[in-house]
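Engineer: please find the sequence and the predicted model below.
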Amino acid sequence: MVEEVSVSLFWFRRDLRLEDNRGLEAALRGPHPVIPIFIFDRNILDKLEDRRDRRVTFIHRTLSGLKEKLRSWGSDLWVFEGTPIEVFGRLSAAAPERVRVRAVYTNRDYEPYAVRRDAGVAELLTASGATFESFKDQCVFERNQILNQSGSPYTVFTPYKRKWLASLTEADLALCAVQPLRHRFHRVTTSPPLPSLADLGFEASESSFPGTALHRDTLRRYGEERDFPARDITSRLGLHLRFGTLSVRDVARQARDIDPVFLSQIVWRDFFMQILHHFPHVVKGAFRRDYDRIPWRRDEKAFARWCAGNTGVPIVDAGMRELDRTGYMHNRVRMIVASFLCKHLLIDWRWGERHFAQRLLDYDLAANNGNWQWAAGCGCDAAPYFRVFNPWLQAKKFDPDGTYVRRWVPELGSGDYPAPMVDHKLARQRAISVYKAALDGSTPDPRERDSLFD
Ligand SMILES: Cc1cc2nc3c(=O)[nH]c(=O)nc-3n(C[C@H](O)[C@H](O)[C@H](O)COP(=O)(O)OP(=O)(O)OC[C@H]3O[C@@H](n4cnc5c(N)ncnc54)[C@H](O)[C@@H]3O)c2cc1C
């Protein structure tokens, strides 16, 4: 009779790389040989509206590269499809190749769904006599690592950043090398094939994806030029930080040498992750709960014009079209379009948040939610609600010669381009008055709220 071999599994999720991967390193240093796995999670895939979702194509391509690399090391990547509970149920009962799963290693994920999923998987594994081990890898500081003097989480960015920078040691950014441990992978002889995109119910997207290189010379100008969308000065690493095709420690270490403002963006990323961890109510409602009283307009027609980049406000339309065509939008423009939706159109920030979640290549629940709440004025450390971005002035300041706008709105100035949906001055006054009434506890007059729309 062939004997069972005890193994550990390393479960890839938002950490799709072999190098500098803390959970993977821990698995390889553990007592059993390691088999890496990935699960196409139906709970996530089934919520995607677009069969050509760019992110599914990106993940698929990345997995194909990982599989090839692991094979060249004598191992392989087992890829499954289903819900994690189903997959681990099957693997615990009877794994392929007569292996016995003794431990599952992962890197931690802080989104509420992921936390519930991992608790369920850990329970199932414990019942079958296996362990579930998780590691910090996705951010530099997590959960309770950065707290204020009274031991509470920070809700304002600047003091959080100060503490973050003061707490940073070399060990926090130390690389962990996986390659020298590659003999610790289990020698896999058979392997389930990588399901095709069609098997998963998707089609390949034609999109190209930004690379993983950090352009140090360009990024040195980050502090002065990052707000100008036409200059393409930002790193475009969001996608890679989202899926872990780059290590955040690696990016943070380089950012430290390149530009302090660039490093601050990595701190913002950690900041919103810890907000999500400590205040999970933000997934459903405003961080500042009194903002949930704002009577948003449920105007599907106006929302559709915003989504399509057809509002008649050139910088807003340029951003929305860039998002639609590429899955990316420059940060300054994200702020402008988000403010326009919540303030000028008085449409619920959660509608915009959902639209971004479906489209952004770098979509991340913590960052998207935190930034949308910031734009709507209801988040932690948000600008006061009475400060309303003027999209015309923003365009003048950050796209002074109109290069960015013309790139996406070539028909500007022709009869084909619509008149603005709303007048800035009137929309601003209306937003302030509706917000104020809601926050004062009085009921805003619906006629006033709807006054600027037909
Ligand atoms: C309404 C709105 C929604 C957003 N949604 C997301 C999102 O879903 N995912 C996301 O990663 N970022 C989001 N951002 C933040 C920011 O716009 C993007 O991170 C950035 O534009 C990505 O481009 P880049 O990689 O060139 O960033 P860079 O400017 O080069 O910054 C480097 C990295 O720092 C992080 N970062 C930068 N700015 C922020 C920020 N304000 N908050 C959190 N992290 C930041 C990102 O990981 C980014 O890739 C959003 C901003 C707004 C205003």
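Structural biologist: Good, I have the coordinates.
Engineer: what's the neighbour count on Ile432?
Structural biologist: 15 (other Cβ atoms under 10 Å). (Each C-beta comes from the backbone N, C-alpha and C, glycine too.)
Engineer: give me the phi and psi angles of the nearest residue to Glu19 once chain neighbours are set aside.
Structural biologist: Distances taken as Cβ to Cβ, 6 or more residues apart in numbering put Val178 closest to Glu19, at 5.7 Å, once the chain neighbours are dropped. Here is the backbone geometry of Val178 (degrees, to the nearest 10): phi -100, psi -30.
Engineer: got it, and Asp227?
Structural biologist: Main-chain dihedrals, Asp227, degrees, to the nearest 10: phi -90, psi 0.
Engineer: secondary structure element holding the residue lying closest to it once chain neighbours are set aside?
Structural biologist: Nearest residue to Asp227, sequence neighbours excluded (Cβ to Cβ, 6+ apart): Arg332, at 4.7 Å. Arg332 is part of helix 331-339 when elements are defined by DSSP states H and E.
Engineer: wondering if that helix reaches the ligand at all.
Structural biologist: Yes - counting by Cβ under 6 Å from any ligand atom, the ligand is contacted by helix 331-339 at 331, 334-335, 338.
Engineer: could you export those as CSV, including distance to Arg406?
Structural biologist: Shown next, in CSV, are the residues of helix 331-339 next to the ligand (distance: Cβ to Cβ, whole Å):
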residue, distance to Arg406
Asn331, 20
Arg334, 19
Met335, 20
Ala338, 22
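Engineer: count of residues packed around Tyr105?
Structural biologist: 24.
Engineer: who does the least confident helix or strand in the chain by mean pLDDT touch, helix- and strand-wise?
Structural biologist: Ranked by mean pLDDT, DSSP states H and E, the weakest helix or strand in the chain is helix 446-449, scoring a mean of 72. Using 3 or more Cβ pairs under 8 Å, 6 or more residues apart in numbering; DSSP states H and E, the elements in contact with helix 446-449 are helix 424-440.
Engineer: ok, now how distant is the spatially most central residue of the chain from the ligand?
Structural biologist: What sits nearest the mean C-alpha location of the chain, by Cα atoms, centre = their mean, is Asp364, with 1.5 Å. Distance of Asp364 to the ligand, given as Cβ to the nearest ligand atom, to the nearest Å: 4 Å.
Engineer: cool, Ser8 as well?
Structural biologist: Where the ligand is concerned, Ser8 sits at a distance of 30 Å (Cβ to the nearest ligand atom).
Engineer: my guess is His32 meets Ala103, correct?
Structural biologist: Yes - His32 is in contact with Ala103 according to Cβ atoms under 8 Å; the separation is 6.6 Å.
Engineer: pull the distance from stretch 239-249 to the chain's centre.
Structural biologist: 10 Å (Cα atoms, centre = their mean, to the nearest Å).
Engineer: got the buried residues for that stretch?
Structural biologist: 239-249 (16 or more other Cβ atoms under 10 Å).
Engineer: what do you get for stretch 399-412?
Structural biologist: Here stretch 399-412 shows 399, 402, 404-406, 408-409 as buried, counting by 16+ other Cβ under 10 Å.
Engineer: restricted to strands, list these.
Structural biologist: Among these, no member falls in strands (criterion: DSSP state E).
Engineer: of the residues you listed, which belong to helices?
Structural biologist: Of those, the ones assigned to helices by DSSP state H are 404-406, 408.
Engineer: closest to the ligand out of those residues?
Structural biologist: Tyr404 (13.8 Å; Cβ to the nearest ligand atom).
Engineer: contacts only, for the closest one.
Structural biologist: 228-230, 315, 318, 330, 333 (Cβ atoms under 8 Å, 6 or more residues apart in numbering).
Engineer: switch to 7 Å and redo it
Structural biologist: 229-230, 318 (Cβ atoms under 7 Å, 6 or more residues apart in numbering).
Engineer: contacts for the least confident helix or strand of the chain, please.
Structural biologist: By Cβ under 7 Å, 6+ apart, the list of residues contacting helix 446-449 reads 295, 297, 346, 430, 433-434.
Engineer: for stretch 14-27, same thing?
Structural biologist: In contact with stretch 14-27 (Cβ under 7 Å, 6+ apart) are residues 8, 10, 34, 62, 66, 69, 105-107, 109, 133-138, 175-176, 178, 181, 242-245, 247, 249-250.
Engineer: which of those residues fall in helices?
Structural biologist: Reading helices off these with DSSP H, I get 62, 66, 69, 242-243, 249-250.
Engineer: domain ranges for this protein?
Structural biologist: 5-138, 139-173+216-278, 282-449 (automatic domain parsing).
Engineer: so which of those domains gets nearest Thr189?
Structural biologist: In terms of Cβ to Cβ, the element of the domains of the chain nearest to Thr189 is domain 5-138, at 6.5 Å.
Engineer: can you measure across that closest one, start residue to end residue?
Structural biologist: 31 Å (Cα to Cα, to the nearest Å).
Engineer: tell me the mean pLDDT over that domain?
Structural biologist: In this model, domain 5-138 has a mean pLDDT of 96.
Engineer: hey, C-alpha coordinates of the helix or strand where Leu239 lies in CSV?
Structural biologist: Following DSSP H and E, the helix or strand that holds Leu239 is helix 238-243. The C-alpha trace of helix 238-243 is given here as CSV (Å, rounded to 0.1, in the frame of the first residue of the first chain):
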residue,chain,number,x,y,z
GLY,A,238,-2.1,49.9,-7.8
LEU,A,239,-3.0,46.8,-9.6
HIS,A,240,0.2,45.0,-8.5
LEU,A,241,-0.3,46.1,-4.9
ARG,A,242,-3.9,44.9,-5.1
PHE,A,243,-3.0,41.4,-6.3
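Engineer: what sits up against that helix?
Structural biologist: Under Cβ under 7 Å, 6+ apart, the answer for helix 238-243 is 14, 16, 58-59, 62, 209-210, 212, 246, 248, 251, 269, 361-364.
Engineer: give me the buried entries from those.
Structural biologist: 14, 16, 58-59, 62, 209-210, 246, 248, 251, 269, 361-364.
Engineer: on that earlier part again, does any bit of the helix holding Leu239 sit next to the ligand?
Structural biologist: Yes - using Cβ under 6 Å from any ligand atom, helix 238-243 reaches the ligand at 238, 241.
Engineer: near the closest residue to Pro195 other than its chain neighbours, how many other residues are there?
Structural biologist: Nearest-residue entry for Pro195: Glu81, 5.6 Å, with adjacent residues in sequence omitted and distances by Cβ to Cβ, 6+ apart. The number of residues packed around Glu81, counting by other Cβ under 10 Å, is 17.
Engineer: just Thr169 next, same as before
Structural biologist: 7.
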